[in-house]
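Student: I'll drop the sequence and a predicted model, then ask my questions.
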Amino acid sequence: MRLPRPVLIATVIATATGSLLLAPHSATADREPPVREGAGRAGADQPQGAAKGPANAARNALTSPVIDLSGSHLASARRGYPREQVLSPDPENSADKSIKLGLTPYHAIAPKLNALQRLGDRVSVEVAGRSAGGHRLYLVTVTAPESAGQTLAQERMRELIENAPGAAAKDPAVKATYKTPVSFNNNIHGDEWEGTDAALDLIERLANAKDAPTADLLAHNRLYFNITANPDGRIAGTRANANGFDLNRDFITASQPEARAIRQIAIAKQPAVMLDLHGYVNGTLIEPTTPPHGENYEYDLFLKNSYANALGMEAAVNGLGYTPAKDGVEPAQIPFRDQQEGWDDWPPVFTPQYQAFHGAVAAHTVEIPLTVNNSAYDTLPVAELRRRSAINVDVAGAAMRATLAYAQTHRASIIADQIEVFRRGATGAAQVPVSADTVPGVPGIGPEDVYTTDFPRAYVIPAGGAQRSATAAARLVDHLLAGDVRVTRATRDFRLAGRSYAKGSYVVDLHQPKRGLANVMLADGRDISDKVSVMYDISGWSLGRLWGATVVPVRGGELSAAAALRVEAAAHVGYVAPRGDLRLRLDTPQEIASLNSLLEQGVSVRQLADGSVFVPGSARARAAALARTYDVAFDATEATGGGRETPLHRVRVAAAVTSGELFALREMNFDVVPVSTAVLNAGFDWSAVDVLFVSSGLDHARLNEGARAALDAFLHTHGLVGRGAVGAALNSAAGLLVVRPVEGNGDANGVVRVVNSGGPLTANAPDHGFVYAPVWFTDLGPGVRVEQAYAPGDPLVSGHWRPLADGTGGPTAAGGQAAVVSGPHAVLFGTEPLFRDHPKGEFPQVGRALLTVS
């Protein structure tokens, strides 16, 4: 049985206290209960404060192309390995934060990779993309040399494993000659540096080695190293990239180019084994995790391999000989075995968990032990920091080498298990619940570890009148396809499970190799509030509910009725009526972005009573360009634009918001200037601003007298959009809307049912929303309008939302209460409509609010 978590915490504290007496600068004091970094409020993904990411980083992320890393396109098919290239040098940067630690600064990586390629014929370098800050993302492949024909044969076997797993299982060539893909992802959190240096050391060792075991290893495996997944953060010494995003939360949304590059590596290289190197937990934390376990994995295969590899890494790390007394290094720990809860693999947003949906049967976060970031970086002597970093590099290297040993020793079973993952998906086979019988050799499996799901037969994304938004549907389809989910399109009208669908509807058949990924993206999810007391990060998500498209799960019926054909891209829905004036709906981020572009170009636009906008026919050419750019429709309208419609103008937004919100505003093409308490106290010119959006980093009580007076004057003549407790507090301080904000459980998050008023703010909005530390509003004063309410009863659909110890703050307390309220100069949100740039279908609520109150 696993130790109950309170016992583990007590043990950690006692060990740390004892060790501190023995070792000066002992990092043992940094050993903490395994609550994930940035945690506190459901794994809050950034420090409390206002985001200030540069606009050019957002533009880079929104426009950065995805590089094809597969071996099936023509150019790659003519190339074998090695694939060498000379990398141009980056300018030397003496401010690179890794220098202080004695580690490799980013500008030294390209010269190092050039030197490694010159060592022989085992090392290849590709540029997998660029970061939000514009830095190159390096993918290194280490393997025995291959001719173009051998490389093509490897690619065909990789495709066979995914696309025809039944045939792959019987193919003698796969068993004899397929190279196991093993992947190492490093430095995804920029201020967790050492995985990069361990990777460079290992590559050099493998390039130089002359022994037979290394030759055998490289003859039977391809090793992939994402050298630094977050160069922006590595240079700046920040967890996040240049846009302020925690990239290890972005895989389902894929808003950032770094996450998209990792996604492409997973799709193109199909790793069966992978490590994601992090810091800092002392002793070294090696997954697999505590419950709850993601219900869409083939968890029996995943646990079998991940636990066995974890044991090997544990032995290798402990075998380095570091001790608490001498070095401040505690023995390694495996959460599945050593903890009861608090370090779960439930959401698909973390690198190893996401990789499992692409065929990884052993995937791990490894948290190296000795803290060198945050306050330690600023306060510890350089010698102590470098001592710690050297140990961390050593530990990371031991974990990598042990993983290679596992991959080499268990090559046949690893590939067989990857084939079985894809076979179950393709055939619709049942999941296998974990137990002592189904996963022998893993101790302590109990009912708390059993999580499976009832896969629907398919999902239909309808066309025609049954679809809430054709633009949202097309975006969702393209997003699924980008993640390697298979989508087909009906070539005729059809009926399925008692419901009629129009020709052109999309069908996601869940008899496909990556059914787990398709389902984890589109399903409602599950309310797991009663399963564990605490979660590491988000617990609920659903693109099917939150991205603005109508998505219908289908439990039965013959899919052949649709005569559907597989698609490589969604059909374009952008359209401009050929004659007359035009109407643009505001139901998607693309439509808000199109509107803002028209306003920026000086087009006279008016808002209609239903929340859509009137665009004069004289702007048809501009509308046509936007229809092509954003895939939006400008329909004909009989409105004249000369009635009681509201004229709109280009809005400049002052924003004290989170990084995800700032990015979402820029995605919608708003003109945004980041502000904060400090910015306002330094003196801020309100004359060029139309509206203030506040959710983080602006405290009315901490403003100096002049800043407070200027802010109050602005709010009483312009407008406020507030989100969450911080936005509500500013509203109260400024005396705008008369409401009483009620804060729910601060650890709560998930998908909730909502009831929309149908007014201009929430017309045609989805009937679901997302919450993260939810807020609701009571005691509404005169003139306050309820734009959206939490559904009566228990509104939680999926996620984790418990009442507080005193019984307050739970979902039933929120049921029926106001979630979004408005008045003449303010709109307040208790939901999280822009959370981490994810719930795309909710974005227009904020867009409309900013346009309305301004």
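Tutor: Okay, I see it. Numbers count the residues shown, from 1 in each chain.

Student: Please look at residue 113 and residue 124 and confirm they touch.
Tutor: No: contact criterion Cβ atoms under 8 Å: residue 113 and residue 124 do not qualify, at 9.8 Å. For every residue, glycine as well, the C-beta is placed using N, CA and C.

Student: what's the overlap in contacts for these two?
Tutor: Listed contacts common to residue 113 and residue 124 are residue 140; contacts here mean Cβ atoms under 8 Å, 6 or more residues apart in numbering.

Student: Pull the number of nearby residues for residue 127.
Tutor: Taking other Cβ atoms under 10 Å as the neighbour definition, residue 127 ends up with a count of 15.

Student: no no, residue 618
Tutor: Residue 618 is flanked by 11 other residues according to other Cβ under 10 Å.

Student: quick one, phi psi at it?
Tutor: Summarising the backbone geometry of residue 618 under the convention degrees, to the nearest 10, its torsions are phi -60, psi -20.

Student: now the one 3 residues further on
Tutor: Note on residue 621: its backbone torsions stand at phi -60, psi -40 [degrees, to the nearest 10].

Student: Show me the helices in the stretch 501-650 of the chain, by range?
Tutor: According to DSSP state H, counting those that start in this stretch, the stretch 501-650 of the chain carries its helices in the segments 515-522, 543-546, 589-600, 620-630.

Student: Distance to residue 381 added to the ones you listed, as JSON lines?
Tutor: Formatted as JSON lines, the entries for the helices of the stretch 501-650 of the chain read as follows, by distance: least, Cβ to Cβ, whole Å:
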{"stretch": "helix 515-522", "distance to residue 381": "46"}
{"stretch": "helix 543-546", "distance to residue 381": "48"}
{"stretch": "helix 589-600", "distance to residue 381": "48"}
{"stretch": "helix 620-630", "distance to residue 381": "54"}
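
Student: Of all those, which one comes closest to residue 69?
Tutor: The closest approach between residue 69 and any of the helices of the stretch 501-650 of the chain, judged by Cβ to Cβ, belongs to helix 515-522 at 18.1 Å.

Student: For that closest one, name the packing helices and strands.
Tutor: Contacts of helix 515-522 with other secondary structure elements, assessed using 3 or more Cβ pairs under 8 Å, 6 or more residues apart in numbering; DSSP states H and E, are made with helix 411-427, helix 470-482, helix 543-546.

Student: what's the neighbour count on the residue nearest to residue 358 when sequence neighbours are not counted?
Tutor: Excluding the flanking residues, the one nearest residue 358 by Cβ to Cβ, 6 or more residues apart in numbering is residue 266, at 4.1 Å. For residue 266, the tally of surrounding residues (other Cβ under 10 Å) stands at 27.

Student: what about the strands in the stretch 701-850 of the chain?
Tutor: Assignment of strands within the stretch 701-850 of the chain using DSSP state E, counting those that start in this stretch yields the ranges 720-723, 740-743, 749-756, 768-772, 775-778, 785-790, 796-800, 818-823, 826-829.

Student: Give me the contact list for the last one.
Tutor: With contact meaning Cβ under 8 Å, 6+ apart, strand 826-829 is reached by 715, 719-724, 727-728, 731, 736-737, 739, 741, 761, 777, 787, 819-822, 845-846, 849, 852-853.

Student: Now the buried members of the residues you listed.
Tutor: Neighbour counting with 16 or more other Cβ atoms under 10 Å marks 715, 719-724, 727-728, 731, 736-737, 739, 741, 761, 777, 787, 819-822, 845-846, 849, 852-853 as buried within these.

Student: Make a markdown table out of the helices and strands packed on helix 515-522 and add mean pLDDT and mean neighbour count.
Tutor: Compiled in a markdown table, these are given as follows (pLDDT from 0 to 100; neighbours: other Cβ atoms under 10 Å):
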| stretch | mean pLDDT | mean neighbour count |
| --- | --- | --- |
| helix 411-427 | 98 | 21 |
| helix 470-482 | 98 | 22 |
| helix 543-546 | 98 | 24 |
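
Student: Let me have these in TSV, adding distance to residue 94 as columns.
Tutor: What follows is those, written out as TSV (distance: least, Cβ to Cβ, whole Å):
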stretch	distance to residue 94
helix 411-427	44
helix 470-482	38
helix 543-546	44
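
Student: To residue 586, which of those helices lies closest?
Tutor: If we rank the helices and strands packed on helix 515-522 by Cβ to Cβ, the stretch that ends up nearest is helix 470-482, at 10.9 Å.

Student: Show me which positions of the next helix or strand along the chain from the closest one end up buried.
Tutor: Of the helices and strands lying after helix 470-482 in sequence (DSSP states H and E), the nearest is strand 488-490. Of the residues in strand 488-490, those buried by neighbour count under the rule 16+ other Cβ under 10 Å are 488-490.

Student: Could you list the paired strands of strand 488-490 along with their orientation?
Tutor: Based on DSSP bridges, the strands next to strand 488-490 in the sheet, each with its direction, are strand 506-509 (antiparallel), strand 564-566 (antiparallel).

Student: Most tightly packed of the ones you listed?
Tutor: Stretch with highest mean neighbour count among the strands paired with strand 488-490: strand 506-509 (a mean of 25; mean count of other Cβ atoms under 10 Å).

Student: need the contact list for the closest residue to residue 778 other than its chain neighbours.
Tutor: Counting by Cβ to Cβ, 6+ apart, residue 778 lies nearest to residue 740, which is 4.9 Å off, once chain neighbours are set aside. By Cβ under 8 Å, 6+ apart, the residues touching residue 740 are 777-779.
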